[in-house]
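In: Need coordinates for the below:
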Amino acid sequence: MTRKYYNCTLLTDIVLSSSPATQGFYESLDYIPGSKFLGIVAGKLYNDQATTAKAKLDLFHNGTVCFGDAHPYILEQRTLKVPLSWHRSKTKPEASAIFLYHNLSDTDKAKLAGEGIQLKQERGKYIATQEGSAQQICTYSGLQRFSIKSAYDKIDRRSKNGNMYGYFGMSKGSTWCFYIDYGKKEYISMVEAVLLSKQDQENVHYIGRSKAAEYGMVKVEALASELTPVTSFESSNDRQYLYAASNLCFYDDFGRCTTAPTLAQLKLPKHAKIDWVASQIRTRPYRTWNQKRSSRDADRQLIEKGSVIVIELKNGVAIEQIKTDLASGIGSHKSEGFGQILINPSFLQPIVGTPIVEGMKLSAGATSPYLANAYKAELPKRSFIVQQDAETDDVLKNFLNRSRAQYKELLDIDELVNKFVQENRSIFKAVSASQWGIIRRYAKFAADAEALERLLFADKGLLARGQTEKIWRKKNRRSILYNKLYKSNLKKHNILEFTQKLAAEMAKY
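Out: Just a heads-up that it's a prediction; the model follows:
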């Protein structure tokens, strides 16, 4: 099995709801499912006559090629979901140690309760491990942005009444990392020819909801360097820990989804035992939408990623053999990235000794309930979200420059209007407010400066006819106004704006 990693950069916000329903409130996913990348490749290759039936089965159905989920890319690593065995103090989560719940004895729980410490399960975060002599674990909470939208009424050309809706979207600019496992190397070129194609706007693809609107644009690139795998530790007793690095889906003998897998489904020996009391798992329904058939597939019940299953092995079973068996994944839907397992990952290793936390000494020895690795506060958003500099963004830079220039022109027009009013207020005092109102209305609806000139100053224009003609002829008022509009340094495209503002001001005197 050859594993290759890829970066997925969000060029716009993307919306990945946890349900295909179109009404009601549904939480957004905090990862990009591998099925989305499978769908991108299938959209190009499935109906391609050059793709054989055998290749279609291997690429999209039988797990020969597995498309992994995309997680946040932090510290040059593909992060993993925080294990559900991690618990922290509910009242002081940042100050307390990390407790491994599967190592807490009844005595430890009683002592915690006596000290007034209530534990809370860590959820909805990702971890990035930095391997080395001083191992650290960093956490990051997935960043979501909520937007309120309205449906469009094509007949009335406005927002449709009673059709407001909201979207939780992953923020654009963020970088995500996913992998693809190739059972056969000849499929690498076929998949990358689609994902990394330079023909369609430089490997730009669309995933998630509202792709025809403003959401869903992503860019996929091959990862230049290999990622460091998570190290494992050797358990000092018969207990071993299975960490769900991806979602797990199992079916019983009757073809129904089950969240209580058997030893055979976990690829464990018959004499092994699953400790369900110590295990920490979460389950949820998984609803899928088949875009090709425009209909829903059967709902699934799955074990969420981050779950920890505790098993007990006896009779000297070689853990290396189990690791080999689990390397190819477990359960169903492995082509969509399901079924990935880590055995005894380093972030589940307890410390050895007698720790003291918050003035309370707990049980000592190898079964200590504390995590061996130091805990680091949440990473700043800048480590995950790319903050684009306006000066390097030509589109944004040009827009800001145009807006600034337009605003400056409006200020210049206001200054010219104020100056003209102060200098000529006494000359135009005989002109009534209704006359200025007509001039303002002409300027408002005139097509351009030339049309306004004909409406006002032509032989049969407003200022050259009727009873008011003699008022405009006296004191050379018509010529003064004409020279200001068409003989001064006033720009042609600003004449209409200047006339409207001038008429509004002169009508006050």
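In: Geometric centre of this structure: which residue is closest?
Out: M170 (1.4 Å; CA atoms, centre = their mean).
In: That residue is in contact with S17, isn't it?
Out: No - here M170 does not reach S17: they are 11.6 Å apart, not a contact under CB atoms under 8 Å. For the C-beta atoms, the positions are set from N, CA and C on the backbone; glycine is no exception.
In: joint contacts of the two?
Out: By the contact definition CB atoms under 8 Å, 6 or more residues apart in numbering, M170 and S17 are jointly contacted by S28.
In: How far away from the center of its chain is the strand ranked longest in the chain?
Out: Looking only at the chain and at elements set by DSSP state E, the strand with the highest residue count is strand 158-170. Centroid separation for strand 158-170 versus its chain: 18 Å, with CA atoms, centre = their mean, to the nearest Å.
In: Also stretch 270-284?
Out: Per CA atoms, centre = their mean, the displacement of stretch 270-284 from the mean C-alpha position of its chain is 33 Å.
In: Then stretch 300-320?
Out: Taking CA atoms, centre = their mean, one finds stretch 300-320 lying 31 Å from the centre of the chain it belongs to.
In: Give me the buried positions along that stretch.
Out: The neighbour-count check on stretch 300-320 (16 or more other CB atoms under 10 Å) flags 300, 302-311, 313 as buried.
In: Please tell me how far I127 sits from L84.
Out: Computed with CB to CB, to the nearest Å, the distance linking I127 and L84 is 12 Å.
In: now swap in D153 and tell me
Out: Remark: distance between D153 and L84 (CB to CB) = 46 Å.
In: Which one of those two is surrounded by more residues?
Out: Neighbours around D153 and L84, counted as other CB atoms under 10 Å, are more numerous at L84. The numbers are 22 against 12.
In: contacting residues for that one?
Out: With CB under 8 Å, 6+ apart as the criterion, the residues that contact L84 are 121-123, 280-282, 306-308.
In: So which of those sit within strands?
Out: Taking DSSP E as the definition of strands, the contacts of L84 contribute 121, 280, 308.
In: List just the nearest of those residues to K419.
Out: The shortest gap between K419 and any of the ones in strands among the contacts of L84 belongs to Q121, at 70.2 Å (CB to CB).
In: Show me what that closest one is bridged to.
Out: Partner residues in beta bridges with Q121: H87, with DSSP bridges as the criterion.
In: Let's verify A264: helix, strand, or coil?
Out: Applying DSSP: H, G, I helix; E, B strand; the rest coil to A264 yields a three-state assignment of coil.
In: Mind pulling up the pLDDT for it?
Out: A264 is assigned a pLDDT of 90 by the prediction.
In: For it, give me its contacts.
Out: Contacts of A264 were listed using CB under 8 Å, 6+ apart, and none were found.
In: one step back: let's test this: mean pLDDT of the helix or strand following the longest strand of the chain, rounded?
Out: The first helix or strand that comes after strand 158-170 along the chain, using DSSP states H and E, is strand 175-182. When pLDDT is averaged over strand 175-182, the result is 90.
In: what element comes up after the helix or strand hosting C249 heading to the C-terminus?
Out: Taking DSSP H and E as the criterion, C249 maps to strand 248-251. Sequence-wise, the next helix or strand downstream of strand 248-251 (DSSP H and E) is strand 257-258.
In: Tell me how far that following strand lies from the chain's centre.
Out: Between the mean C-alpha point of strand 257-258 and the mean C-alpha point of its chain there is a distance of 30 Å (CA atoms, centre = their mean).
In: so what's P83 closest to, chain neighbours aside?
Out: If you skip the residues right next to it in sequence, P83 has V308 as its closest partner in space, 5.1 Å away by CB to CB, 6 or more residues apart in numbering.
In: now that neighbour: how far from R239?
Out: Summarising the geometry, the distance separating V308 from R239, computed by CB to CB, is 11 Å.
In: same deal with Q144?
Out: As defined by CB to CB, Q144 lies at a distance of 36 Å from R239.
In: before we move on, what about Y31?
Out: According to CB to CB, Y31 stands 29 Å off from R239.
In: So between the two, which is more surrounded?
Out: Neighbours per residue (other CB under 10 Å) separate Y31 from R239, with Y31 holding more: 21 against 17.
In: mind listing what that one touches?
Out: Y31 makes contact with 69-71, 142, 176, 305, according to CB under 8 Å, 6+ apart.
In: How about D448?
Out: Applying CB under 8 Å, 6+ apart, we find D448 in contact with L496.
In: I'd like the distance between it and L455.
Out: Using CB to CB, which is the criterion applied here, D448 is 11 Å from L455.
In: what do you get for Y509?
Out: Relative to L455, Y509 is positioned 23 Å away (CB to CB).
In: So for these two, which residue has more residues nearby?
Out: Set Y509 next to L455 and count neighbours by other CB under 10 Å: L455 wins out with 18 against 12.
In: quick one: what helix or strand has the more buried one in it?
Out: Remark: L455 resides in helix 449-457, with elements defined by DSSP H and E.
In: and the next element down the chain from that helix?
Out: Scanning the chain past helix 449-457 towards its C-terminal end, the next helix or strand to appear is helix 469-473 (assignment: DSSP H and E).
In: Tell me the confidence at the closest residue to I343 other than its chain neighbours?
Out: With CB to CB, 6+ apart as the measure, K323 is the residue that lies nearest to I343, at 5.4 Å, once sequence neighbours are left out. K323 is assigned a pLDDT of 83 by the prediction.
In: gap between K323 and G466?
Out: K323 is 99 Å from G466, by CB to CB.
In: Look at the two and report which has more neighbours.
Out: Neighbours were tallied for K323 and for G466 using other CB under 10 Å; the higher tally belongs to K323 (15 against 11).
In: Tell me the spacing between the more buried one and L263.
Out: With the distance defined as CB to CB, K323 ends up 16 Å from L263.
In: ok, now E192?
Out: Applying CB to CB, one obtains 38 Å for the distance of E192 from L263.
In: okay, those two: which has more neighbours?
Out: When neighbours are counted by other CB under 10 Å, E192 and L263 differ, and E192 comes out ahead with 17 against 14.
In: Quick one: mean pLDDT for whatever helix or strand the more buried one lives in?
Out: For E192, the element it lies in under DSSP H and E is helix 186-195. With pLDDT averaged residue by residue, helix 186-195 scores 87.
In: Stretch 77-91 now?
Out: Computed over stretch 77-91, the average pLDDT equals 85.
In: now do stretch 60-74
Out: Per-residue pLDDT values over stretch 60-74 give a mean of 88.
In: What ranges in the chain fall below the confidence cut-off?
Out: Low-confidence segments of the chain, defined by pLDDT under 70, span residues 18-27, 92-96, 130-143, 197-202, 212-213, 236, 315-317, 351-393.
In: In the protein, where's the longest helix?
Out: Ranked by residue count and defined by DSSP state H, the top helix of the chain is helix 394-424.
In: which helices and strands sit right next to that helix?
Out: Counting contacts by 3 or more CB pairs under 8 Å, 6 or more residues apart in numbering; DSSP states H and E, helix 394-424 is packed against helix 495-506.
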